[in-house]
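1. Show me the folded form of this:
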Amino acid sequence: MSEQGIPHRHEPPRFYEALGRVMGALRDCHALNGARHLDWWPALAGRERHIEWQGGPYAYKVAGALFAAVINEDYCPTLRGALTHHEFHSTGRTRSRFEVLNVPIVLRALDPVGADEAFGQAVRHLRQTDQQPTVEAVPA
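-> Numbers count the residues shown, from 1 in each chain. A predicted model of the protein is given here:
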């Protein structure tokens with residue numbers, strides 16, 4: 001495969017900036033609330049970045065939340081102006097692909113439960129931890 005058709009693809013700072021912008025946007029718009037085991041890595045000989053999680057929302061829902069946040073003028077500035085393709089390609093419910101700063105980003109949901117269920121699980125977990133009995137020191 002020729003490198004000539006892939007401009008700016010092997011600039012490490014660009015890859016780190018693209019990944020950082022996406023991770024910041026995921027945090028800002030709370031798209032992965034309830035997900036666990038978040039991981040990311042380079043793929044395809046370093047030409048794209050994959051972001052993967054377990055037990056959270058579907059990938060197409062996360063991509064949709066990111067794009068909705070970018071459209072909203074007062075929300076999620078980390079991706080504004082960085083999306084090079086203003087549409088995402090969903091390959092089923094568990095995988096979506098889009099580009100940030102000409103870097104392909106692939107979102108992948110492992111064992112997704114949906115956004116509503118993931119949020120409900122997170123709330124139930126927080127309530128359980130709040131109701132845990134606390135151990136107080138007994139005076140001697």
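2. In contact with residue 79, which residues?
-> Neighbour list for residue 79: 21-22, 25, 66, 69-70, 100 [criterion: C-beta atoms under 8 Å, 6 or more residues apart in numbering]. Any C-beta I mention is one placed from the backbone N, CA and C, and that applies to glycine too.
3. Identify the residue spatially nearest to residue 104, adjacent ones excluded.
-> Nearest residue to residue 104 in three dimensions, chain neighbours excluded: residue 48, at 3.7 Å (C-beta to C-beta, 6 or more residues apart in numbering).
4. where does the one you found fall, phi/psi-wise?
-> When quoted as degrees, to the nearest 10, the phi and psi of residue 48 stand at phi -140, psi 160.
5. in terms of contact, does it touch residue 106 like I think?
-> Yes: contact criterion C-beta atoms under 8 Å: residue 48 and residue 106 qualify, at 6.0 Å.
6. Report pLDDT for the closest residue to residue 70 other than its chain neighbours.
-> Excluding the flanking residues, the one nearest residue 70 by C-beta to C-beta, 6+ apart is residue 79, at 4.9 Å. Note on residue 79: pLDDT of 78.
7. Am I right that residue 79 is in a helix?
-> No: counting by DSSP: H, G, I helix; E, B strand; the rest coil, one finds residue 79 to be coil, located in no helix.
8. Using CSV, write down the CA coordinates of stretch 25-33.
-> The C-alpha trace of stretch 25-33 is given here as CSV (Å, rounded to 0.1, in the frame of the first residue of the first chain):
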residue,chain,number,x,y,z
ALA,A,25,-15.4,14.8,24.0
LEU,A,26,-16.5,11.5,25.4
ARG,A,27,-15.9,12.8,28.9
ASP,A,28,-17.6,16.2,28.2
CYS,A,29,-20.8,14.8,26.7
HIS,A,30,-20.9,11.8,29.1
ALA,A,31,-21.4,9.4,26.2
LEU,A,32,-19.8,6.4,28.0
ASN,A,33,-21.6,6.7,31.3
